[in-house]
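>>> Here's a sequence, model it:
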Amino acid sequence: MIEFRISPMHMEDLDDIEEIERLSFSIPWPRQAFVQELSQNRLARYFTVRDNNKAIAYGGMWFILDEAHITNLAVHPLHRRKGIGRTLLREMIDYGVSNEIKSFTLEVRESNQGAMKLYKDMGFVKAGIRKGYYSDTKEDAVIMWLEI
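Below you'll find the model as predicted:
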């Protein structure tokens, strides 16, 4: 059984985060984007799920007034379907609420039914579509919101 812990993301996590990005997204964020998020973006809050000393998932969001925009959520393919993403998302929401966040938003690929089911299960509702949002495939993004 996997035992994991969730903690703030640090620069030391970035090798593992890069691997998760490459395995999860057709256009992964470059390492420098995470460096900038961690070192310069005062709105950013990023979390890492670790099993022993290896990052196996991560999530990030920006706090803008009383709203949080979830920028990233990914689980290493070897650790999917174990409840890790759900647990991480719940922790992120709880963290936001404890910091006076009243709503959460995100975009998800229209074809990513697994992620959309997770978000719906967590209380997010579809609020709109961003046509051609993803540059690699021109796929639409579904905009989802959670009001606390």
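
>>> List the strands paired with the top strand by length along the chain, with their directions.
Taking DSSP state E as the criterion, the chain has its longest strand at strand 54-64. Strand pairing for strand 54-64, using DSSP bridges, gives strand 44-51 (antiparallel), strand 67-75 (antiparallel).

>>> export these to JSON lines and tack on mean pLDDT and mean neighbour count?
Using the backbone N, CA and C atoms, a C-beta is placed for each residue, glycine as well. Formatted as JSON lines, the strands paired with strand 54-64 follow (pLDDT from 0 to 100; neighbours: other CB atoms under 10 Å):
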{"stretch": "strand 44-51", "mean pLDDT": "97", "mean neighbour count": "20"}
{"stretch": "strand 67-75", "mean pLDDT": "97", "mean neighbour count": "20"}
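
>>> Output those in TSV; the columns should cover distance to residue 87.
Output for the strands paired with strand 54-64, formatted as TSV (distance: least, CB to CB, whole Å):
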stretch	distance to residue 87
strand 44-51	8
strand 67-75	10
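
>>> sorry, back to before: can you pull the buried residues of the longest strand of the chain?
55-63 (16 or more other CB atoms under 10 Å).

>>> Which pair of those residues spans the longest distance?
56 and 63 (24.8 Å; CB to CB).

>>> Just name whatever secondary elements the longest helix out of those in the chain is in contact with.
Taking DSSP state H as the criterion, the chain has its longest helix at helix 84-98. When contacts are defined as 3 or more CB pairs under 8 Å, 6 or more residues apart in numbering; DSSP states H and E, helix 84-98 sits against strand 5-8, strand 44-51, strand 54-64, strand 67-75, helix 113-121.
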